[in-house]
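got a structure for you, letters missing:
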């Protein structure tokens, strides 16, 4: 377990993550995701809205206030947006508070931890040059489950 995760192993159900001022590696996020001390109370992740347009795959997810989620790893560079709300974002490339209007270019193999302060809507925008309409296929093309947690990453911690 890495040094950051040793410190995180004593977290008070995620609240101390708000104080963390560093990025986390994909491995650190995967290990954190499996920490039963942090992810005690799990609820189902809301269904994402998906929009397809000529060459574009747009995936939007609204999370309730006061939850923490660690998402899947995104295989490729893509755009990431906050459409509504405010949240703490800790990823493989940034650590900051974001609010509606935030846009970033996420590098390949991005994995994120999000803590919402209010109901927050996020969007990931990927290219879809072949105009594929099979949503399951698109999801599997652009994200990868971390093998150890397959099926368990669609859960939130209500703080």
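Right, received. Where do you want to start? Bear in mind that the values here come from a model prediction, so they are computed numbers and not experimental data.

quick one: low-confidence ranges for the protein?
1-16, 36-43, 146-159 (pLDDT under 70).

give the buried residues for the helix or strand where residue 80 lies.
Per DSSP states H and E, residue 80 falls inside strand 78-84. Across strand 78-84, burial judged by 16 or more other C-beta atoms under 10 Å covers 78, 80, 81, 82. For the C-beta atoms, the positions are set from N, CA and C on the backbone; glycine is no exception.

mind listing the strands for this protein?
Per DSSP state E, the chain carries strands over the ranges 42-44, 49-53, 56-63, 67-70, 73-74, 78-84, 86-91, 95-99, 103-106, 112-116, 120-127, 143-144, 155-158.

using CSV, lay out the ones you listed together with distance to residue 28.
Formatted as CSV, the strands of the chain follow (distance: least, C-beta to C-beta, whole Å):
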stretch, distance to residue 28
strand 42-44, 20
strand 49-53, 29
strand 56-63, 21
strand 67-70, 10
strand 73-74, 13
strand 78-84, 19
strand 86-91, 10
strand 95-99, 12
strand 103-106, 17
strand 112-116, 10
strand 120-127, 21
strand 143-144, 17
strand 155-158, 17
